[in-house]
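**Q** sequence? don't have it. structure:
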């Protein structure tokens, strides 16, 4: 009587202990330990049945040390006596496992086991798994009392497993919501596509528990290139037009592949390169236009397969990635249109100057040559040659000025400071404006893109000063600040009201602001009528 009451008390305590576990993994480990304690079994295990209901996808054991586990090798998958419990889902007691005709024996290095008790763990009437107990203390058989106690424990465990699953699902949903919010905030604060895709792949990998998550973007020839990945260094790998990933782009629907090696559509060399055993493919679709594919490869753990919940989550996250790709493409197209428009305006200006100034100068030279040919004496000839020489020198200066505006040679050969000084000298010679250029850039040159950007903006600013400021002096100071370049351009001209200029888009400021915005920089203007103008520019250096 006392023994029965003791076991009942232990069963109640065990039920309380199980329901206090919020992790399914920790719960299963605790369950087999408690089952062994209540029945006096030397060995206990719990096999979790796979989604097909034909084998075991997980096996949690108690009573074996790490050395014994390593010697046994692969965990059981549900054959023999274990398979009987999977198929019949009812308690089973044996005096000697080896004597049962359904037994298939033990693998090498497995400890000897005779007595056996197996009890199913049912969740809402469906078998979740089975509890296995072996080698009752003293060599005795497991009793009816043991079977009833373990069955009661299994019922309590089923409730605890369901609660733990719900808790993990709620926690997972909370993490998903946090990740989605983080991604949304990133879209508002970050325009770099690679940064956005890196965040999406990292968060997707965490939420899906995957070994690898990657985003592949089309290249125009039917193939895709992996643009971002989390879990393995696979960026840059090209997936051919005939690959299953490329076909997912045209099919425009998500797909789960449980066995990559058995799928006839999968290009096995590519799968081998990605070490893929199972995967999810989800196309990125925006307004019925495919823009890429998300690849989710191998669930972490013993079973690499994903389930339908994983597919739905991957599709949700793919929708975020599609927005990022579409936004980046639209920004890139808009930036390209603005650059092309600016180039066309510049070309029209240069064409007009070539026609109105250089063309007229060359016409004047031709007329001067006619004067040389018709000179009647030495004096007329000398005067005609002198005029012709002045025209040639003036035309040469115009051509050099246009060449500098197109692409200054000094910028390529010597760097930003010599090019800016030459620009200041050229502007001063053509306008009688005193231009002072100073730069504190350090010994290391800026990246070519940054040098070109700073040069063009200073060039545009000096052109505005010449055309509108009526200034006598202008200074240009360029300073490098770690990851940025600061440019201060100050003149003593007539000044203006920045607010009115901004409303009307005057004095060339609109073009400068657009150029600065394209480079993710900032431009501030300080000016007032009669007090000159100061432009302060800050550009990031990538």
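**A** Alright, I've got the coordinates. Quick caveat: nothing in here was measured; it's all calculated off a predicted structure.

**Q** how far does the helix or strand harbouring residue 536 sit from the chain's center?
**A** Secondary structure assignment for residue 536, by DSSP states H and E: strand 533-540. Averaging C-alpha positions (Cα atoms, centre = their mean, to the nearest Å) puts strand 533-540 32 Å from its chain's average.

**Q** Given it, what are its sheet partners and their directions?
**A** Within its sheet, strand 533-540 is paired with strand 484-491 (antiparallel), strand 522-527 (antiparallel), according to DSSP bridges.

**Q** out of those, deepest packed?
**A** Here the criterion is mean neighbour count by mean count of other Cβ atoms under 10 Å, and of these the winner is strand 484-491, at a mean of 20. In short, each C-beta sits where N, CA and C put it, glycine included.

**Q** any idea how far that one is from the chain center?
**A** Offset of strand 484-491 from its chain centre (Cα atoms, centre = their mean): 34 Å.

**Q** got a list of contacts for it?
**A** 441, 446, 450, 454, 457-458, 461-462, 465, 469, 471, 473-480, 532-541 (Cβ atoms under 8 Å, 6 or more residues apart in numbering).

**Q** Now the buried members of the residues you listed.
**A** Buried members of the contacts of strand 484-491, scored by 16 or more other Cβ atoms under 10 Å, are 441, 446, 450, 454, 457-458, 461-462, 465, 469, 471, 474-476, 478, 480, 532-533, 535, 537-539, 541.

**Q** Could you point out which residue ranges in the stretch 1-150 of the chain have low pLDDT?
**A** For the stretch 1-150 of the chain, the stretches with pLDDT under 70 are 1-24, 51-52, 75, 124-125.

**Q** show me where pLDDT drops low in the stretch 201-350 of the chain?
**A** By pLDDT under 70, the low-scoring segments of the stretch 201-350 of the chain are 324, 327-347, 349-350.

**Q** all helices for it, in order.
**A** Ranges of helices in the stretch 201-350 of the chain, per DSSP state H, counting those that start in this stretch, are 244-251, 268-273, 308-353.

**Q** Next secondary structure element downstream of the longest one?
**A** In this case it means helix 308-353. Downstream of helix 308-353, the next assigned helix or strand under DSSP H and E is helix 360-373.

**Q** Report all helices and strands that that next one contacts.
**A** Applying 3 or more Cβ pairs under 8 Å, 6 or more residues apart in numbering; DSSP states H and E, we find helix 360-373 packed against helix 378-406.

**Q** What average pLDDT does the helix it packs on get?
**A** For helix 378-406, the mean per-residue pLDDT is 74.

**Q** Who are the packing partners of that helix?
**A** The contact analysis (3+ Cβ pairs under 8 Å, 6+ apart) places helix 378-406 against helix 308-353, helix 360-373, helix 416-431.

**Q** 7 Å - rerun?
**A** With contacts defined as 3 or more Cβ pairs under 7 Å, 6 or more residues apart in numbering; DSSP states H and E, helix 378-406 has these neighbours: helix 360-373, helix 416-431.

**Q** for the closest residue to residue 221 other than its chain neighbours, what are its contacts?
**A** Sequence neighbours aside, residue 241 is the residue nearest to residue 221 in space, at 6.7 Å (criterion: Cβ to Cβ, 6 or more residues apart in numbering). Residues in contact with residue 241 (Cβ atoms under 7 Å, 6 or more residues apart in numbering) are 221, 222, 223.

**Q** For stretch 468-484, measure first residue to last.
**A** Taking Cα to Cα, to the nearest Å, stretch 468-484 runs 29 Å from one end to the other.

**Q** actually stretch 105-123, not the one I typed
**A** One end of stretch 105-123 to the other measures 30 Å (Cα to Cα).

**Q** That one: which residues count as buried?
**A** Within stretch 105-123, the residues that count as buried by 16+ other Cβ under 10 Å are 113, 115, 116, 117, 118, 119, 120, 121, 122.

**Q** mind giving me a markdown table with those and columns for distance to residue 431?
**A** Output for those, formatted as a markdown table (distance: Cβ to Cβ, whole Å):
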| residue | distance to residue 431 |
| --- | --- |
| 113 | 100 |
| 115 | 105 |
| 116 | 101 |
| 117 | 101 |
| 118 | 97 |
| 119 | 97 |
| 120 | 94 |
| 121 | 90 |
| 122 | 92 |
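
**Q** From residue 325, how far off is the residue nearest to residue 221?
**A** Note on residue 241: its distance to residue 325, by Cβ to Cβ, to the nearest Å, is 19 Å.

**Q** do the same with residue 96
**A** Plainly put, residue 96 is 64 Å away from residue 325 if you go by Cβ to Cβ.

**Q** So between these two, which is more surrounded?
**A** More crowded of residue 96 and residue 325, by other Cβ atoms under 10 Å: residue 325, with 21 against 12.
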